[in-house]
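A.B. asks: Let's see this in three dimensions:
(2 chains)
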Amino acid sequence: MDKKRIHWSFFISLFSVILLAVSALSFLLGPSHIPFSKIISLIPNGKGTIEYTILFDIRLPRILLAFAIGGALSIAGVILQAMFRNPLVEPYTLGISGGAALFVSLNMVLKLNQRFGLLSLPTSGILGSIAVILILYVLSIKKGVLKIQGLLLTGVMISFISSSLIMLIMAVSHTEDLHRIVFWIMGSLEEPNSLLLKLMLLVSFWGLGVSYLFCFDLNALSLGEEEALHLGINVERTKKFLFLLASMLTGFSVSIAGIIGFVGLFVPHFVRMMVGIDHRILLISAFLCGASFLILCDTLARIVISPLELPVGVITGIVGGGVFIYALTKRRYLH
Amino acid sequence: MLAVKGLTCGYNKKFILKNINFKLKKHTFLGIIGPNGSGKTTLLKAITKVIKPHYGKILFEGKDIWQMGFREVAQKMAFVPQAQLSYGLDMPVEEFVLLGRIPYQKAFQFLETKYDKLRAKEAMDLVNISNIKDRFVSELSGGERQLAYLARALTQEPKLLLLDEPTAHLDIAHQVRILDLIKNLNNSFKLTVIIVLHDLNLASQYCDELILLNNGYLYKMGPPEEILTAEIIEHVYQTKVIIEKNISPRPYIFWVFDKGLSS
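C.D. replies: A predicted model of the protein is given here:
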């Protein structure tokens, strides 16, 4: 075993242990207090009781959804930061979240969700994401070349346009719609539909697996496009694929849980500080840390002012931002 | 080994290089010289598949490089860029050099093989940077960083090594060290070298053959004695020079200052 392998195994085990610990904590804590001793007896023969329902139908799905979305947003962030070689890029920079939010707001104001049921909100989110991805893709491709800087600028502009349109919608909508739009935009992991939960888990694991096919390409791309080309990477094909992969992960996350900010920006940087910039270890670490981070934030959101709930996006911003600034002052990083 | 046929290329619609033709034999140490904007770097980019020719072909060992995959090209030629900024290079020198094995990585192979590591170690020994293999590339001096790039290129096991002004911004000690090293590789490993140089005297000392570019045209190709004459340089660079023999038999160029000999 060489140094690198020991190093990597150490980090993967560390992050897995943290993930398990955070998940256990989240499972145990909540507005309705269920003591640990009772949980053990509940698992084999508690079906049908209220406690069992709380644990396995409310808390567990939330943990799984936070796991899937935290992981997905984090690897999307890692991929985009490597591709753009820009530390400020995050999954929402490209405007995909803006598109999703715009379509969802429209849906709420037009009351389409009352006519088409629960699944109509995520569906319109996905449609919005796809619309933005298509616009970005078409506008940034010139003669088969994906212009990275153009992509970034177009994405930022689409973000602005959609947030202006959302404000317009909010200005003309009724109070109860307004409230729901604001809460959706801030993000929530509440009451996931079991079909959507399975879908998100699938997308998340698939994204992690596929991103690993590109780990060397990402290492090369983070040196710059021309450098990557000299190392034998088919840069154009790789960029397009990575863009679509990151957009898909972002699109699904946003459509299912709203705009949970900061995870995709904070986690990649934080993990890079700890494990270095090799994507072979960075991707899996970011996935595990992102999952732990979002589960932790969601737990806090549930218990801080219980029985009321805070939007999880508020917690991710405060906790993540605070920890990140602290870490920056402690370690030499972005020089 | 390398044949460039009727190469015309550039960025967007603007042609930088016009109808370039030359052939390169194995084991040659070829220098590309010419004034700023004459297309030296563009020629390197065309040979390394960074930009696509509008007309013409580039054949490597008889095969059109655009018929070869990017990986295949990267296994045969390696490129050392001009001294670069260090953004994104927060990695140890050894890891950086190992990136040169990317063209050989198979799908689902996440760790380097013993052979990969051996190649990286040999390359670092060769350019004499094994003592700094654990330091971060971003913390190296310009000269050391250039050596790390050279080691990475050698780890690609290329047949053809291309360098774009590898000695720019370096002190004379590092300039000579790097060029001596490349000359050595050229001699002992039969490595073919194409190097862009601004310093005509360095080009004269180290290169077997020179290509002089002017305004995107290949002005002349030949051994330094034929290219570096006072008339040619005066014509292409619009600068008066005096040529003397160096300590070696190669020509040495002295700039003529306005207030000096010409008055």
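A.B. asks: phi, psi of the closest residue in space to A:I148 that isn't next to it in sequence?
C.D. replies: The spatial neighbour of A:I148 that comes closest, neighbours along the chain excluded (Cβ to Cβ, 6 or more residues apart in numbering or on different chains), is A:F84 at 6.0 Å. The way it works is simple: take the backbone N, C-alpha and C, and place the C-beta from them, glycine included. A:F84 has phi and psi values of phi -90, psi -10 when expressed as degrees, to the nearest 10.
A.B. asks: try B:G10
C.D. replies: The phi/psi pair for B:G10 (degrees, to the nearest 10) is phi 170, psi -170.
A.B. asks: ok, it - contacts?
C.D. replies: B:16-17, B:42, B:51, B:54 (Cβ atoms under 8 Å, 6 or more residues apart in numbering or on different chains).
A.B. asks: re the thing from before, just checking, the residue nearest to A:I148 touches A:K147?
C.D. replies: No. Checked against Cβ atoms under 8 Å, the pair A:F84 and A:K147 is beyond contact range at 11.5 Å.
A.B. asks: which of the two has more neighbours?
C.D. replies: When A:F84 and A:K147 are compared on other Cβ atoms under 10 Å in any protein chain shown, the one with more neighbours turns out to be A:F84, at 19 against 15.
A.B. asks: ok, the more buried one to A:P268 distance?
C.D. replies: 12 Å (Cβ to Cβ, to the nearest Å).
A.B. asks: and if you look at A:E191?
C.D. replies: According to Cβ to Cβ, A:E191 and A:P268 sit 29 Å apart.
A.B. asks: Show me which of these two is the more surrounded one.
C.D. replies: Between A:E191 and A:P268, counting by other Cβ under 10 Å, A:P268 is the more crowded of the two (30 against 11).
A.B. asks: any idea where the helices of the stretch 1-150 of chain A begin and end?
C.D. replies: Remark: helices assigned in the stretch 1-150 of chain A by DSSP state H, counting those that start in this stretch are A:3-28, A:36-45, A:50-53, A:60-84, A:96-109, A:112-116, A:120-140, A:148-172.
A.B. asks: Check the stretch 51-200 of chain B too.
C.D. replies: Assigned by DSSP H, counting those that start in this stretch, the helices in the stretch 51-200 of chain B fall at B:70-76, B:93-98, B:114-126, B:142-155, B:172-188, B:200-206.
A.B. asks: Need the residues that contact the longest one.
C.D. replies: Right, the one you point to is helix B:172-188. For helix B:172-188, contacts defined as Cβ under 8 Å, 6+ apart pick out B:27, B:29, B:126-127, B:142-143, B:146-147, B:150, B:154, B:161, B:163, B:166-167, B:170, B:191-193, B:195, B:199, B:202, B:205-206.
A.B. asks: Now narrow the residues you listed to whatever sits close to chain A.
C.D. replies: By Cβ under 8 Å from any Cβ of the partner chain, no member of these lies near chain A.
A.B. asks: Show me the shaky parts of the chain.
C.D. replies: Chain wasn't specified; assuming chain A. Within chain A, the set of residues satisfying pLDDT under 70 comprises A:1, A:331-335.
A.B. asks: wait, I meant chain B there
C.D. replies: B:83-88, B:257-263.
A.B. asks: and the residue positioned nearest the centre of it, what does it touch?
C.D. replies: Centroid-nearest residue in chain B, with Cα atoms, centre = their mean: B:L163, separated by 1.8 Å. B:L163 is in contact with B:79-80, B:150, B:182, B:193-196, counting by Cβ under 8 Å, 6+ apart.
A.B. asks: Which positions in chain A make contact with chain B?
C.D. replies: A:5, A:85, A:212-213, A:215-216, A:219-220, A:222-224, A:226-227, A:229-235, A:276-278, A:280, A:335.
A.B. asks: For chain B, what is the nearest residue in chain A?
C.D. replies: Per Cβ to the nearest Cβ, A:G232 is where chain A lies closest to chain B, at 2.8 Å.
A.B. asks: Doesn't that residue belong to a helix?
C.D. replies: No. Assessed with DSSP: H, G, I helix; E, B strand; the rest coil, A:G232 is coil; it does not lie in a helix.
A.B. asks: okay, now the closest residue to it other than its chain neighbours: neighbour count?
C.D. replies: Spatial nearest neighbour of A:G232, excluding adjacent residues (Cβ to Cβ, 6+ apart): B:A74 at 2.8 Å. For B:A74, the number of neighbouring residues by other Cβ under 10 Å comes to 26.
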